[in-house]
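Undergrad: I'll drop the sequence and a predicted model, then ask my questions.
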Amino acid sequence: MNLSVQLGRLHLKNPILVASGTFGYAREMEGVVDFGTLGGIIPKTITRQPRQGNEPPRTVETASGMLNAIGLDNDGIDYFLANHLPYLKSLPTAIIANVAGKSEDEFLELAGIIGRHEGLAALELNLSCPNVSGGIDFATDPALTYRVVKKARDVCPLPIIAKLTPNVTDIVPIAQAAHDAGADAVSLVNTFIGMAIDWRRRRPVLGNVTGGLSGPAIKPLALRLVWQVARHVDIPVIGIGGIANIDDVMEFLLAGASAVQLGTVNFYDPTASVRISGELPEALDVLGATSVAEIIGSLEWRM
């Protein structure tokens with residue numbers, strides 16, 4: 001079985017990735033996860049300066065999912081490079097850095113800094129965090145998406161992945177803009193904006209009032225967006241949204257994803273990524289395939 005996949009200039013040994021913000025900086029998982037079985041790891045989002053994040057409560061469980069409003073809590077790029085990157089580079093899998101900027105220029109600066117460090121496989125641009133003021137704006141406007149991706153591509157030699165928001169009327173023009181600007185792939189999708197209310201206290205549950213909905217509840221929505229973009233834009237897609245087992249992975253691959261990211265499942269089943277990686281060859285065999293590439297986008301949807 002050939003489990004490897006190609007996403008533009010990015011080569012992965014298998015399509016199973018773990019999503020930013022759900023896997024820490026990998027060190028937290030080293031006692032329960034065999035990193036060598038994964039296609040890659042995307043550590044927590046990095047910003048230029050340290051961020052304290054939003055007021056608590058920051059997470060709340062929902063039906064078939066969770067809402068989070070962490071607010072990109074992190075120690076900043078300098079701390080990441082000095083304290084997290086050396087460990088991450090020692091792991092036996094691809095490491096994809098994830099950055100978020102408050103402005104186009106900040107994305108440019110972050111991409112330039114990341115591009116000067118060896119040992120990383122790619123850079124994912126978090127254009128779509130719904131819990132930070134201004135953070136979602138970059139992925140709601142095709143022109144703005146194009147400019148941010150183009151600037152990052154110009155200063156960073158690594159493969160570029162644009163992580164897009166589902167909170168738009170039509171995601172296809174946004175994905176097309178990322179493609180036109182030189183992105184190697186798009187990640188679809190970030191979380192859906194939602195909220196929870198404690199009606200007895202007449203108060204929102206989250207300190208930020210709204211948060212990003214993730215988990216199995218959003219899988220049908222994310223699956224549709226992956227299928228839609230894969231049909232209309234000539235760019236590799238990384239599927240995200242409620243993926244928790246091998247069936248979910250196979251559905252996203254058939255819909256057109258070249259790889260997937262496991263997110264919320266890491267909180268309640270930390271070994272899911274390892275198990276799913278091991279089950280992939282058998283699932284391919286069920287379809288009579290000998291490689292992942294054979295089944296990408298092979299959904300027979302015309303009745």
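TA: Alright, I've got the coordinates.

Undergrad: name whatever forms a beta bridge with Val237.
TA: Val186, Ala257 (DSSP bridges).

Undergrad: for it, report the pLDDT, please.
TA: The score at Val237 is 98. That number is its pLDDT.

Undergrad: and if you look at Ile136?
TA: 59.

Undergrad: cool, Ala217 as well?
TA: In this model, Ala217 is scored at 98, pLDDT.

Undergrad: just to be sure, it is in a strand?
TA: No: read with DSSP: H, G, I helix; E, B strand; the rest coil, Ala217 is helix and lies in no strand.

Undergrad: what number of residues lie near it?
TA: Ala217 has 18 neighbours, counted by other Cβ atoms under 10 Å. Backbone N, C-alpha and C define where each C-beta goes, glycine included.

Undergrad: wait, it sits on Ser64?
TA: Yes: taking contacts as Cβ atoms under 8 Å, Ala217 lies within contact range of Ser64: 4.0 Å.

Undergrad: mutual contacts of those two, please.
TA: Counting by Cβ atoms under 8 Å, 6 or more residues apart in numbering, the residues touching both Ala217 and Ser64 are Gly242.

Undergrad: residues contacting Gly53?
TA: Ile70, Gly71, Leu72, Asp73.

Undergrad: closest to Gly288 out of these?
TA: Closest approach between the contacts of Gly53 and Gly288, by Cβ to Cβ: Ile70, at 42.7 Å.

Undergrad: thinking that closest one is in contact with Pro56, fair?
TA: No: Ile70 lies out of contact with Pro56 (Cβ under 8 Å); the separation is 9.8 Å.

Undergrad: any regions of the stretch 101-250 of the chain where pLDDT drops low?
TA: 130-136 (pLDDT under 70).

Undergrad: quick check: phi and psi on Gly194?
TA: The phi/psi pair for Gly194 (degrees, to the nearest 10) reads phi -150, psi -180.

Undergrad: give me the beta-bridge partners of it?
TA: Legend: beta-bridge partners of Gly194 under DSSP bridges are Gly211.

Undergrad: what about it, distance to Arg147?
TA: As for Gly194, its distance to Arg147 is 29 Å (criterion: Cβ to Cβ, to the nearest Å).

Undergrad: coming back round to it: which of the contacts of Gly53 count as buried?
TA: The neighbour count (16 or more other Cβ atoms under 10 Å) marks Ile70, Gly71, Leu72 as buried among the contacts of Gly53.

Undergrad: I'd say the second one and Asn208 touch.
TA: In this case it means Gly71. Yes: in this structure, Gly71 is within contact of Asn208 by Cβ under 8 Å, at 6.7 Å.

Undergrad: hey, where'd the helices end up in this protein?
TA: Remark: helices assigned in the chain by DSSP state H are 77-79, 85-89, 104-115, 142-155, 172-180, 219-232, 246-255, 265-268, 272-286.

Undergrad: buried stuff in the fourth one?
TA: Taking 16+ other Cβ under 10 Å as the basis for neighbour counts, the residues of helix 142-155 that come out buried are Pro142, Leu144, Thr145, Tyr146, Arg147, Val148, Val149, Lys150, Lys151, Ala152, Arg153, Val155.

Undergrad: could you export these as CSV, including distance to Val233?
TA: Formatted as CSV, the buried residues of helix 142-155 follow (distance: Cβ to Cβ, whole Å):
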residue, distance to Val233
Pro142, 12
Leu144, 17
Thr145, 12
Tyr146, 13
Arg147, 18
Val148, 17
Val149, 13
Lys150, 16
Lys151, 20
Ala152, 18
Arg153, 17
Val155, 24
